[in-house]
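Participant: Sequence below, structure please.
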Amino acid sequence: MKQSRTRFFDTLKYQFLCCHPLHCINWEVIPTHLTWEQQQELIEKTVFHPLNQKQPIRISYQLNFLKRLIEQLERHCDEVHDIVYESYCSVQQRVAQDTTEKYAYKHYQQAALDISLTLRESKSFVAEGTTGLCSWQASIALADYLAHNTDIVNGKCVLELGAGTGFCGMILLQCSDVRHVLITDGSYECFELMKENVRRNFGDAETCDDGYVVKEKLLTMSVLEWGAVDEMIWPNSFSTDIILAADVVYDDTAFDSLVYAIDYVFKMKEDACEMLLAATVRNEYTLQKFLDLLSSWNFQYVDRNVTPVDKCYFYWDRTTPVKIYHIKRHS
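Facilitator: Next up, the predicted model:
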């Protein structure tokens with residue numbers, strides 16, 4: 001019983017810190033008849049967690065989280081601890097102030113991988129004319145897939161296209177033996193946010209001409225517009241082995257430039273590289289249109305299974321399915 005409760009508390013902590021959608025949390029498995037001490041522990045692991053106190057997640061999320069938690073506690077406990085209600089009132093008082101803030105934080109923690117990653121990101125899905133200033137579910141799904149399959153990137157040079165906040169590349173640095181990660185985005189605003197997030201998470205890393213050295217692994221950042229990939233100045237000794245891209249195939253007006261960039265990088269390696277593409281399937285027709293375009297450029301792709309819920313290291317909204325494709329081209 002104690003082991004089950006501890007597992008639930010830890011799961012809820014991880015989900016809270018990364019703002020996992022409330023409708024995706026299994027509230028029905030909350031342990032019944034929690035004592036006051038256990039309720040206090042639950043609050044201390046979530047709302048009062050040191051990361052949330054120092055770099056708070058969205059206030060609106062915290063408020064709705066506490067609403068749902070209170071509903072469950074009132075249903076299953078003889079008495080609800082005052083600290084729960086006090087936490088709700090305290091967060092509620094910050095709602096008006098929070099409406100003026102454009103950015104908030106998310107914290108991705110996974111003890112099994114010794115990972116702790118904090119992202120500052122936009123609270124809006126679209127900001128500054130781009131969708132890349134916040135993390136998307138396909139990026140998290142791709143990072144989870146790679147965390148389970150580190151052999152794909154170990155010892156390799158990895159190029160990420162449309163990296164946005166830099167989430168996936170930074171996860172690789174923490175959980176794999178990747179040789180060099182180059183995270184890129186066509187938006188200057190995303191590039192600046194990536195730099196900020198890298199400094200936040202790897203502030204103690206050694207700097208070099210091309211970027212950062214993190215435990216003998218290189219991390220480089222660059223602005224890269226897909227249609228202008230031929231103007232890219234590549235870091236010294238970087239030669240792409242793996243291309244990563246997540247949530248980049250929602251806008252068919254960008255497909256030609258994206259495939260042009262993929263083709264350019266493959267040709268640089270004489271097709272001796274490969275790609276992993278993660279896509280949230282919002283519109284099957286749009287996704288298939290991109291896959292057909294890939295095929296017309298002589299690329300082959302196969303499905304890879306996303307990580308099952310019961311085995312995932314990170315959490316993402318599975319209401320809309322995510323697909324991961326392994327892409328190659330034979331000379």
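
Participant: May I ask you to name the longest helix in this protein?
Facilitator: helix 59-76 (DSSP state H).

Participant: How far away from the center of its chain is that helix?
Facilitator: Here the centre of helix 59-76 is set off from its chain's centre by 25 Å, with C-alpha atoms, centre = their mean, to the nearest Å.

Participant: what does stretch 21-40 give?
Facilitator: 25 Å.

Participant: Identify the residues contacting that stretch?
Facilitator: Residues outside stretch 21-40 that contact it (C-beta atoms under 8 Å, 6 or more residues apart in numbering) are 1, 4-5, 8, 12, 15, 42, 61, 64-65, 68, 72-73, 76-81, 83-84, 315, 317-319. Where you see a C-beta, it was placed from the backbone N, CA and C, and this is true even at glycine.

Participant: buried ones in it?
Facilitator: 25, 30-31, 34, 39-40 (16 or more other C-beta atoms under 10 Å).

Participant: ok, now stretch 189-203?
Facilitator: Applying 16+ other C-beta under 10 Å to stretch 189-203 flags 190-191, 193-194, 197-198, 201-202 as buried.

Participant: just checking, which of those residues belong to helices?
Facilitator: Judged by DSSP H, helices contain the following of those: 190-191, 193-194, 197-198, 201.

Participant: Ala279: which of those residues is nearest?
Facilitator: Cys190 (18.7 Å; C-beta to C-beta).

Participant: following the helix or strand of the chain with the lowest mean pLDDT, which helix or strand shows up next?
Facilitator: Least confident helix or strand of the chain, by mean pLDDT, DSSP states H and E, is helix 95-98 with a mean of 76. Once helix 95-98 ends, the next helix or strand along the chain (criterion: DSSP states H and E) is strand 103-110.

Participant: Quick one: list the elements packing against that following strand.
Facilitator: helix 2-17, helix 50-54, strand 115-122 (3 or more C-beta pairs under 8 Å, 6 or more residues apart in numbering; DSSP states H and E).

Participant: which of the ones you listed sits most buried?
Facilitator: For those, the largest average neighbour count (mean count of other C-beta atoms under 10 Å) is found in strand 115-122, namely a mean of 20.

Participant: With just CA atoms, put that one into CSV.
Facilitator: In CSV, the C-alpha atoms belonging to strand 115-122 read as follows (Å, rounded to 0.1, in the frame of the first residue of the first chain):
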residue,chain,number,x,y,z
ILE,A,115,17.3,13.8,-15.8
SER,A,116,16.3,17.2,-14.6
LEU,A,117,15.4,19.8,-17.3
THR,A,118,13.7,23.2,-16.9
LEU,A,119,12.2,25.0,-19.9
ARG,A,120,11.1,28.6,-20.0
GLU,A,121,8.5,28.8,-22.7
SER,A,122,5.6,30.8,-24.0
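
Participant: Quick check: what element follows that strand along the chain?
Facilitator: Next along from strand 115-122, by DSSP H and E: helix 137-148.

Participant: May I see the buried residues of the very next helix or strand once past that following helix?
Facilitator: Tracing the chain past helix 137-148, the next element assigned as helix or strand by DSSP H and E is strand 157-161. Buried positions in strand 157-161, judged by neighbour count with 16+ other C-beta under 10 Å: 157-161.

Participant: List the contacts of strand 157-161.
Facilitator: Contacts of strand 157-161 (C-beta under 8 Å, 6+ apart): 168-169, 172, 178-184, 224, 226, 238-245, 248, 258, 261-262, 265.

Participant: got the angle for whichever helix or strand comes after it vs strand 103-110?
Facilitator: Toward the C-terminus, strand 157-161 is succeeded by helix 167-175 as the next helix or strand (DSSP H and E). Helix 167-175 and strand 103-110 are oriented at 40 degrees to each other (axes from the mean of the first three to the mean of the last three C-alpha atoms, to 10 degrees).

Participant: Remind me what helix 167-175 packs against, helices and strands.
Facilitator: strand 115-122, helix 137-148, strand 157-161, strand 180-185, helix 188-201, strand 217-223, strand 242-246.

Participant: repeat that for 7 Å
Facilitator: strand 115-122, helix 137-148, strand 157-161, strand 180-185, helix 188-201 (3 or more C-beta pairs under 7 Å, 6 or more residues apart in numbering; DSSP states H and E).

Participant: Residue ranges of each domain in the chain, please.
Facilitator: 2-98, 122-328 (automatic domain parsing).
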